[in-house]
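Colleague: sequence and predicted structure, then a few things I'm wondering about:
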Amino acid sequence: MTDAVVPRTDDFDEIAALLALAFHSDLNPELQAVERPIFEPERSLLVRDAGTAVAHAAAFSRDLTVPGASVPAAHVTMVAVAPTHRRRGLLSGLMRRQLREIRDARHEPVAVLWASEGRIYPRFGYGSAAQRLILSADTTGLRLPAPTAAEGTLRLDRPATHRDELARLYERARADRPGWSRRDERWWAYVLADVTSRRNGATERRVLLHDGPEGLDGYALYRTKEEWVGEVPRGEVRVDEVVAVTPEAYLSLWRLLLSVDLTRRLSFPIAAVDEPLLRLVDEPRQLAPQLVDGLWVRVVDVPAALAARRYATDVDVVIEVTDELLPENTGRWRLVGGPGGAECAATTAPAGLSCDVRALGELYLGGTTPAVLAATGRVRELVPHTIATVSPAFTWHRAPAPMENF
Ligand SMILES: CC(=O)SCCNC(=O)CCNC(=O)[C@H](O)C(C)(C)COP(=O)(O)OP(=O)(O)OC[C@H]1O[C@@H](n2cnc3c(N)ncnc32)[C@H](O)[C@@H]1OP(=O)(O)O
């Protein structure tokens with residue numbers, strides 16, 4: 001077996017075949033054509049055995065919104081080990097090497113990923129940072145507040161023809177939502193690609209655009225699926241994303257999505273945990289929200305990461321951190337910050353809190369607090385009252401939300 005090598009662009013098909021094997025799918029040339037342009041071979045690590053690809057991990061270079069800022073983040077992806085080579089430590093070796101490169105060569109303070117299974121990544125220091133809600137609603141009779149005069153107009157079209165408009169609006173909205181990743185042109189092409197195998201029996205994807213007094217202020221990407229039970233329509237609206245920068249746009253988009261003729265069901269698998277829709281419909285129980293993990297964060301450089309985000313209230317705390325994979329993070333760090341910015345540096349002062357690096361990942365986007373993690377035992381209070389004093393600082397005015405599964 002070889003050590004992990006950095007593959008060439010031409011090796012993409014071989015890697016795609018390994019991923020198909022590990023994820024129980026057939027090779028899909030249409031999907032590969034869409035994924036190839038976002039693949040960054042220089043960030044990929046491939047292990048071969050007797051010339052055959054048996055383990056792989058990669059990363060995309062993208063910026064991530066964090067509380068009050070946007071930071072470069074390694075978006076870890078395309079992780080697979082062949083069934084013949086599993087549980088021999090291949091993933092562990094790839095994760096170690098990848099974290100080292102993210103820190104030393106890329107200087108990205110954090111790494112993020114979507115996990116195929118929640119139990120895989122905590123051992124590598126990743127913490128569940130932005131949960132999501134899966135909404136599976138029976139929309140029969142579900143009502144929203146009555147339209148107001150301020151509501152603008154809706155247009156329906158093919159998404160690709162509006163790429164630049166969508167990109168501008170998304171970037172505006174992204175500033176206020178920890179967990180959203182920047183999409184450059186390649187990413188917009190990927191996000192808007194409407195690969196047949198992803199339709200699961202539904203229509204092609206449509207974009208619903210909302211224009212307010214100052215132009216485009218909201219859009220929704222969705223599909224519909226026809227279904228009849230006997231002579232009774234039971235179609236479904238499948239929503240992929242909703243971006244709105246005004247409450248009128250948000251309400252107007254959802255009014256249409258919840259009442260498309262001949263549909264009775266709605267699915268929206270990446271709703272935020274503070275999704276306003278839950279507070280708008282007249283019967284939130286009908287949305288049947290299911291809470292699951294979404295984005296996982298690994299703090300790769302503790303002082304750089306803690307200084308890069310902002311804090312909801314002033315905070316001055318010394319945290320004792322342990323990190324088995326990146327020992328430079330182990331030590332005592334003094335964090336002084338607030339809504340305007342933060343600084344973090346090594347200190348010999350006594351610590352008020354202690355935790356491992358996974359807990360810092362859980363806290364990083366503001367999705368939970370030291371108080372909650374103290375209840376799990378993953379954060380320990382070394383000086384009385386520290387937890388109560390610092391917990392509000394780690395929150396943010398919007399819950400973090402994952403945006404797309406990369
Ligand atoms: C960001 C992403 O791309 S997410 C996608 C991840 N990929 C997949 O889910 C595809 C299918 N699965 C696989 O390819 C493999 O099983 C992987 C990549 C998840 C794991 O690879 P392996 O080489 O078997 O992992 P490795 O041998 O390094 O395991 C390290 C430890 O994690 C544990 N582990 C690894 N995978 C899992 C799992 N799916 N569930 C539970 N434990 C696991 C191992 O038991 C081992 O524990 P130990 O140290 O106590 O013995």
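Modeller: Okay, I see it. Note that the coordinates shown come from a computational prediction; the quantities given were computed from them, not determined experimentally. Numbering: from 1, shown residues only.

Colleague: which strand in the protein has the most residues?
Modeller: Determined from DSSP state E, the single longest strand within the chain is strand 52-66.

Colleague: for that one, name the packing helices and strands.
Modeller: On a contact count with 3 or more Cβ pairs under 8 Å, 6 or more residues apart in numbering; DSSP states H and E, strand 52-66 meets helix 12-22, strand 45-49, strand 69-81, helix 90-101, strand 110-114. All C-beta atoms are positioned from the backbone trio N, CA, C, and that covers glycine.

Colleague: okay, the angle between it and strand 45-49?
Modeller: Strand 52-66 runs at 170 degrees relative to strand 45-49, counting by axes from the mean of the first three to the mean of the last three Cα atoms, to 10 degrees.

Colleague: buried deepest among the helices and strands packed on strand 52-66, which one?
Modeller: Among those, the stretch with the highest mean neighbour count (mean count of other Cβ atoms under 10 Å) is strand 110-114, at a mean of 24.

Colleague: buried residues of the longest strand of the chain, list them for me.
Modeller: For strand 52-66, burial by neighbour count (16 or more other Cβ atoms under 10 Å) applies to 53-60, 62-66.

Colleague: now it: mean pLDDT?
Modeller: In this model, strand 52-66 has a mean pLDDT of 98.

Colleague: that older thread, export the buried residues of strand 52-66 to JSON lines and tack on distance to the ligand?
Modeller: Formatted as JSON lines, those follow (distance: Cβ to the nearest ligand atom, whole Å):
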{"residue": "53", "distance to the ligand": "12"}
{"residue": "54", "distance to the ligand": "9"}
{"residue": "55", "distance to the ligand": "6"}
{"residue": "56", "distance to the ligand": "9"}
{"residue": "57", "distance to the ligand": "7"}
{"residue": "58", "distance to the ligand": "8"}
{"residue": "59", "distance to the ligand": "9"}
{"residue": "60", "distance to the ligand": "11"}
{"residue": "62", "distance to the ligand": "14"}
{"residue": "63", "distance to the ligand": "18"}
{"residue": "64", "distance to the ligand": "15"}
{"residue": "65", "distance to the ligand": "19"}
{"residue": "66", "distance to the ligand": "19"}
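
Colleague: circling back: could you dump the helices and strands packed on strand 52-66 to a markdown table with mean pLDDT?
Modeller: Conversion of those to a markdown table gives the following (pLDDT from 0 to 100):
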| stretch | mean pLDDT |
| --- | --- |
| helix 12-22 | 97 |
| strand 45-49 | 98 |
| strand 69-81 | 98 |
| helix 90-101 | 98 |
| strand 110-114 | 98 |
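
Colleague: from residue 103, how far out is residue 96?
Modeller: Per Cβ to Cβ, to the nearest Å, residue 96 is found 11 Å from residue 103.

Colleague: for residue 22, same thing?
Modeller: For residue 22, the distance to residue 103 - Cβ to Cβ - is 26 Å.

Colleague: which residues does the nearest residue to residue 366 once chain neighbours are set aside contact?
Modeller: Closest residue to residue 366 apart from its sequence neighbours, by Cβ to Cβ, 6 or more residues apart in numbering: residue 396 at 3.4 Å. Neighbouring residues of residue 396 by Cβ atoms under 8 Å, 6 or more residues apart in numbering: 67, 68, 178, 312, 365, 366.

Colleague: noted, bye for now.
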